[in-house]
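Peer 1: Sequence first, then the predicted structure, then my questions.
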Amino acid sequence: MSASGAAAATATAAAASLKQRRPPADGQQPAVAADEIKNKAKPRGASPRRRSGWLVLLVIVVSAAAAAGAGYLWWREYGEYSEVAEEGDQESAAASEKAATRPKARKAQWQADKLWRAEELAKYNGSQKGLPLLLGILGDVFDVSKGKKHYGKGQGYNHFAGRDASRAFVSGNFSGDGLTDDLEGLTGEQCIGIADWRDFYFKTYIHVGKLVGRFYDEQGRARDALGEFEVLLKEGKRLRGVAKAVEKKYPGCNSRWAQNEGGKVWCDSGVPRKIPRMPEAEGGPVGGSEDTRCACFSKEQLASRNDLQEYDGCDPEAIKCVSSPPEDPNAAAAGDGSEEDEE
């Protein structure tokens with residue numbers, strides 16, 4: 001083909017491609033060229049710049065959410081204690097007092113090694129609104145504000161607040177000279193009672209320092225009085241162990257008392273006998289008024305003991321005995337020990 005013929009063919013093809021397509025008939029879709037279908041099947045992807053923009057936006061959103069979450073957690077931890085600062089003096093004081101009773105706020109407020117003076121501790125007895133409640137025991141000072149229903153003004157244990165009244169924890173004397181930290185004359189068993197209370201406060205409340213006085217000096221060092229207490233405490237625990245061993249070997253009797261029937265004792269196993277009660281100083285019960293107690297003995301044990309007292313009017317082999325007469329002289333006779341008894 002000549003050069004002129006090739007040029008003519010090329011021009012003819014170009015003209016055909018530029019020729020206007022015939023309009024579609026009514027109700028028909030216009031014809032789509034094959035090259036248009038090919039182009040639609042391959043949509044253009046997002047440019048690198050557009051993808052980078054979306055990534056930056058995602059980072060901003062995630063960062064904002066994290067900041068909001070951290071702010072909420074901070075508010076829950078600390079915001080409740082400060083959010084009332086601008087609500088007026090009266091509301092602010094009430095909210096501050098409430099926040100001050102929260103354990104975390106209280107713990108942050110105190111120095112565990114603080115040394116207190118008696119006159120300073122006395123201010124925290126519940127008489128001044130807004131101040132926490134403190135008490136001392138064996139020279140250790142505790143914040144008992146969360147126990148306000150017990151130690152607050154007018155409550156049953158308020159006499160312990162604002163002072164160290166260690167002796168009263170076991171003496172039951174809650175007035176005057178009874179509210180003291182002087183432990184002179186107490187037994188080892190009573191020392192156990194005070195130590196149990198001290199352990200309770202360490203487990204339940206916040207330790208906020210030591211009281212300068214009987215148990216600690218001005219440098220916070222233990223005085224002789226605390227050492228003497230610890231010696232008595234150790235001896236008391238030893239004697240309590242002895243008493244428990246005796247009680248296990250010779251278990252106590254069941255007992256019952258009624259005004260019109262008097263007292264009765266009985267054993268589930270063995271027979272009742274009177275034995276000397278272990279003195280309080282040797283691990284016996286605190287405040288015991290009787291010199292003897294009722295214990296149950298087997299026949300084998302009775303054979304090797306000649307120091308046991310029988311109950312008056314009771315058969316030596318009876319398992320139930322009258323321990324005291326009725327207060328009403330007109331009451332029916334209680335029986336001689338063989339009488340059936342309600343348990």
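Peer 2: That came through fine.
Peer 1: When you work out contacts or count neighbours from here on, use the C-alpha atoms and nothing else.
Peer 2: Noted.
Peer 1: and the residue nearest to S175 when sequence neighbours are not counted, what does it touch?
Peer 2: Distances taken as CA to CA, 6 or more residues apart in numbering place H159 nearest to S175, at 8.0 Å, with adjacent residues excluded. H159 makes contact with 151, 174-175, 179, according to CA atoms under 8 Å, 6 or more residues apart in numbering.
Peer 1: what's the neighbour count on D177?
Peer 2: Neighbourhood size, D177 [other CA atoms under 10 Å]: 12.
Peer 1: and what of Q219?
Peer 2: Using other CA under 10 Å, Q219 is surrounded by 9 other residues.
Peer 1: what are the phi and psi values for it?
Peer 2: phi -100, psi 0 (degrees, to the nearest 10).
Peer 1: Check the spacing between it and V231 real quick.
Peer 2: Using CA to CA, to the nearest Å, Q219 is found at 23 Å from V231.
Peer 1: Give the rounded mean pLDDT of stretch 266-285.
Peer 2: Across stretch 266-285, pLDDT averages out at 74.
Peer 1: Spell out for me the PyMOL command that would select the buried members of the contacts of H159.
Peer 2: Listed next is the PyMOL selection for buried residues among these, using 16 or more other CA atoms under 10 Å:
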select buried, resi 151+174+179
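Peer 1: ok, the contacts of H159 vs G252, which is closest?
Peer 2: If you rank these by distance to G252 using CA to CA, F174 comes first, at 32.4 Å.
Peer 1: hang on, the earlier thing: give me the secondary structure label for the residue nearest to S175.
Peer 2: Three-state assignment for H159 (DSSP: H, G, I helix; E, B strand; the rest coil): helix.
Peer 1: Distance check, it against D199.
Peer 2: Remark: distance between H159 and D199 (CA to CA) = 20 Å.
Peer 1: likewise Q128?
Peer 2: Plainly put, Q128 is 28 Å away from D199 if you go by CA to CA.
Peer 1: got it, and D217?
Peer 2: Computed as CA to CA, the D217 to D199 distance reads 22 Å.
Peer 1: now do N254
Peer 2: From N254 across to D199, the span is 33 Å (CA to CA).
Peer 1: Give me the more crowded residue out of these two.
Peer 2: N254 (16 against 10).
Peer 1: correct me, but that one touches S269?
Peer 2: No - assessed by CA atoms under 8 Å, N254 is found out of contact with S269, at 10.6 Å.
Peer 1: Mind giving me the packing neighbours of the host helix or strand of R240?
Peer 2: Per DSSP states H and E: R240 is located in helix 224-249. If you count contacts as 3 or more CA pairs under 8 Å, 6 or more residues apart in numbering; DSSP states H and E, helix 224-249 packs onto helix 188-204.
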